[in-house]
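In: structure here, sequence nowhere to be found:
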């Protein structure tokens, strides 16, 4: 082991290590080497878990772990998602009931045809309700194809209902008398999205569950995408209609636009590529951050991408759908559907089995429309589709039924909710009993997104996890191919279908200089509207909030429990309040802050002074440090609303601060290239730096005193962005962009799903050696 000085860092070059006995590394005399390796071994592109850093408790989703590396590679198993078909497969028991199922399908068809109920189902004065009706009809059409044949007149009539229904949405010349109840949207040129007309014209967010304000778009439009794919399967000639195809592509661009080059819709509006699931909450500010309520409806959109890509011959889109479906299902099993031993939530909350409304700062066992258990659990079951089985395992369904759902008085329950609970719950573990109870519910009393025929077919296909159909050999896209390709035609959506409009009636963009489409469902959207300026945002594990004088206030590691009325062993909710621990700002007065840049993982905010001074804050999910880049003559101030309790200089450029709650923060001051500043810089007792700064100030919460070694070692590497790559085969890459010391690797917080997808199970992650190469160890 040879050491020498090269400029600032001490460089250690390890020429050769004989590891004949791995146990030798655990001997007392070798422990110092283990410490050096764990702290400072660069990963040469392979990130590794930093086990010497104390885990951080995020506001929700449990503990986060420190990972070292300038890039992460995450690998998802997408085999099951690729194999999903149009209908679940029938097992031997189900095949014995084909005649009954055929009769039920024809009965459901007759019920929809009589009195034009099929039309009212898909023209229901709202995207959400109409979407549910569309998929109900479309799934019945699939049943008819399977049970009476594609060429049967009834199957074709059913497909005709879909075709006529879609025309009401994409063709302004469609007969008005037969299209009453069809929803329409403006194209919002300011935010870049489809905003429902009724709410826009009335200047309110209540219509259609807040669609105008970008709530729930992936729920609403997912139903349309799945239904359109089914129409394309049953009537391939419909795919020749470019207006229809572009209508569906526009819904996809609005919800899950995969191309950063699409200048008309935001990049992946709802899907969070750090959290690996979607957020349904749009522009309306919330103190609890973004939230998601219905995980099953999220899966439905990605299932729709997979089907639509398959039926239109867009294999890249089909593969993207399978990838997002697999990633979301993994996160749902990890965080939303809870088995015993779930490490991410308090034990008393895990006993609820489902999370309810899952916000960034609060998890509440309820729904937005009521607190009845059938609502809370049932909203995680709709719609019934083959995709659902990727998230709802038999083990989970049995535990959910035994602990919660069996207590419900199903005979006295509202029949629409009873149909959901029986199909998505009991049928997963006891299909015969579920079928018996479903037969007691008349067709007209079923949920408006579920026919009795399909409910009974679903029960007949259970248990179905082992009977996924084999994927066609040609379905897979070659490994390494990027899946982030443009969907549909370039340019804005068709003006005749989506008339352009400016000036959102409730939430115009505010304090943002981002040109083109803007994020509506990302963690920072509170700060992009006027009424959200005093609200917190959640770049986990930190919570941030603006304070007086444009100071950025930092909150971390605070949690409160709310027992509620669920009994002594079940918790209703838990919440993370925003408590200012430390604040970063400037001594000189500031005029305002603005959002200057957005990405998939975060954004840059800039505080501006009267004389051209700026502080740029790169704020990204999982950031280990809260960082500000000072320029133009601002003098940094690190403060607390009640004063700093204690301050200690550790060395040039490194200080420890303690606030009045005795919480310890490490504070770093760096020059523009990431070197620690010299002795001429110091903080006074009030946290004011002795002079103005051209460079960086960084804060990190010290959970355990020993964490300072790791935090100090990586403080000179500053994350300023992250580029996403998604490749065929379930490969996701985070390519972090950084400033500061080039040879110091980034330290970043990771959730449990990250470390699982990166395969980080070993005690010490060491990348494979490359013959003939030299590796530098940086201090």
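Out: All right, it came through fine. Computed from a predicted structure; not experimentally measured. Numbering: from 1, shown residues only.
In: gap between residue 100 and residue 362?
Out: Summarising the geometry, the distance separating residue 100 from residue 362, computed by CB to CB, to the nearest Å, is 46 Å. Bear in mind the C-beta positions are built from the backbone N, C-alpha and C, glycine included.
In: what about these two, which has more around it?
Out: Shown here are residue 100 and residue 362; by other CB atoms under 10 Å, residue 362 has more neighbours (21 against 15).
In: can you tell me which residues contact that one?
Out: Remark: with contacts taken as CB atoms under 8 Å, 6 or more residues apart in numbering, residue 362 is in contact with 59-60, 288, 573-576.
In: give me the subset of these lying in strands.
Out: Under the assignment DSSP state E, the contacts of residue 362 contribute 573-575 to strands.
In: tell me how far the closest residue to residue 129 other than its chain neighbours lies from residue 370.
Out: Counting by CB to CB, 6 or more residues apart in numbering, the nearest residue to residue 129 once its immediate chain neighbours are dropped is residue 448, at 6.7 Å. Distance, residue 448 to residue 370, using CB to CB: 17 Å.
In: and what of residue 330?
Out: 29 Å.
In: just want to know which of the two has more residues nearby.
Out: When neighbours are counted by other CB under 10 Å, residue 330 and residue 370 differ, and residue 330 comes out ahead with 19 against 9.
In: can you name the element that comes right after the strand or helix carrying that one?
Out: Using DSSP states H and E, residue 330 falls within helix 315-331. Tracing the chain past helix 315-331, the next element assigned as helix or strand by DSSP H and E is helix 347-350.
In: next secondary structure element downstream of that following helix?
Out: Toward the C-terminus, helix 347-350 is succeeded by strand 357-359 as the next helix or strand (DSSP H and E).
In: farthest pair within the contacts of residue 362?
Out: Within the contacts of residue 362, two members stand farthest from each other by CB to CB: 59 and 573, at 12.6 Å.
In: the two - which one has more neighbours?
Out: Under the neighbour definition other CB under 10 Å, residue 59 and residue 573 were set side by side, and residue 59 has more, 27 against 21.
In: quick one: residues contacting that one.
Out: 360-362, 538, 540-541, 543, 559, 576.
In: how about residue 200?
Out: By CB under 8 Å, 6+ apart, residue 200 lies in contact with 186, 212, 501, 504-505.
In: for the stretch 151-300 of the chain, what spans make up the helices?
Out: 153-170, 197-202, 217-234, 242-256, 295-312 (DSSP state H, counting those that start in this stretch).
In: mean confidence for stretch 733-749?
Out: What stretch 733-749 shows for mean pLDDT is 97.
In: need the distance between the two termini of it.
Out: The first residue of stretch 733-749 is 16 Å away from its last residue (CA to CA, to the nearest Å).
In: how about that stretch: buried residues?
Out: By neighbour count, with 16 or more other CB atoms under 10 Å as the criterion, the buried positions of stretch 733-749 are 734, 736, 738-741, 744-749.
In: cool, and stretch 629-645?
Out: Buried residues in stretch 629-645, defined by neighbour count with 16+ other CB under 10 Å: 629-631, 634-640, 644.
In: in this structure, which helix or strand is least confident?
Out: Using mean pLDDT, DSSP states H and E, strand 775-778 stands out as the lowest-scoring helix or strand of the chain, at a mean of 26.
In: tell me if I'm right that residue 628 and residue 590 touch.
Out: No. No contact is recorded between residue 628 and residue 590 when judged using CB atoms under 8 Å, the distance being 11.7 Å.
In: tell me which of those two has more neighbours.
Out: The residue with more neighbours, out of residue 628 and residue 590 and counting by other CB under 10 Å, is residue 628; that gives 26 against 18.
In: and which of the contacts of residue 362 is nearest to residue 303?
Out: Closest approach between the contacts of residue 362 and residue 303, by CB to CB: residue 60, at 25.7 Å.
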